[in-house]
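Novice: When you get a sec, could you give me coordinates for this:
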Amino acid sequence: MSVVRRVSSAPSQVQRRVMDARSTRWDEHRVAVRAQLVDAAIRIIERYGASVSMDDIAAEAGVSKPKLYRYFGDKAGLNGAVAAKLGALMWESAQVTIFAEQDHASVDDMIRSSVQSYVALVGKHPVVVRFLMANHLFQYSGSGDGGVADQLRSVMEAVADRFTESLQRVHADASIIPLAVASILGAGLSATQWWIDNGREQGVDDKFFAAHLSETTWGIINGAAATVGVAFSPDLPFSHPGFASRLEMN
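Specialist: Next up is the predicted model:
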């Protein structure tokens, strides 16, 4: 008796479990293959930059071009998967540098650590970042599913929630926070593009660039806080009751 006949003659519940197991294994296989193809695309983009073609990617991955189309639909779909991979790396980095530290580390240490991790990732994949920027897949998309910056924004909004809580504790207007998030994101992305296009060649190393981004971030945060009559103490953690205090107004 064949495997197919044995399954088809089994009780319906058993048949469903077998089919579900097969479906799960197939889904897992597809995810694994997609990941391998994305990794190949990243390697070849780092080698050729914006001139990379689907033929180049297929050759690097050791597969046929139709297989790439079967897994990603078109080149835009593959580019989107590359952007998603870089965004996922940024999210994983944030989990270590922000979410794991925000209850005990000083806010200044947390922000500087997260900025350093971001700069390290961009510095590791500058050609890929430039490629994604050229294809409008690095900046904030507005839809939540179009750019690497969507992941950055998600991370920033998680931190922004803590700043909002701090303002609310001192009965200050927290409506300024979304504007501050947009300002930090816009300034950071513009600076990133300049750094990978020109700054690195002009001798601006990763440490200097990370320090600049950190200071710019704090400048925007402090400016937003002052607008609503509040000062932050960056050497304290978010949970400290003295992190936010009202400014004495003349």
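Novice: how about the strands of this structure, start to end?
Specialist: 230-232, 244-246 (DSSP state E).
Novice: which helices and strands sit right next to the first one?
Specialist: Read it as strand 230-232. helix 148-169, helix 206-227, strand 244-246 (3 or more Cβ pairs under 8 Å, 6 or more residues apart in numbering; DSSP states H and E). The C-beta positions use only the backbone N, C-alpha and C, and glycine is treated the same way.
Novice: ok, 7 Å please
Specialist: If contacts are counted by 3 or more Cβ pairs under 7 Å, 6 or more residues apart in numbering; DSSP states H and E, strand 230-232 sits against helix 206-227, strand 244-246.
Novice: Same question for the last one.
Specialist: For strand 244-246, the contact count by 3+ Cβ pairs under 7 Å, 6+ apart identifies helix 148-169, strand 230-232 as packing neighbours.
Novice: If you average the pLDDT over it, what comes out?
Specialist: The average of the pLDDT scores along strand 244-246 is 96.
Novice: what about it, distance to the chain center?
Specialist: 31 Å (Cα atoms, centre = their mean, to the nearest Å).
Novice: Quick check: buried residues in it?
Specialist: Residues Ala244, Ser245 are the ones in strand 244-246 that count as buried (16 or more other Cβ atoms under 10 Å).
Novice: neighbouring strands for it, and are they parallel or not?
Specialist: Based on DSSP bridges, the pairing partners of strand 244-246 within the sheet are strand 230-232 (antiparallel).
Novice: about what we covered before: would you list the strands of the chain in CSV and tack on distance to Ser113?
Specialist: Output for these, formatted as CSV (distance: least, Cβ to Cβ, whole Å):
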stretch, distance to Ser113
strand 230-232, 17
strand 244-246, 21
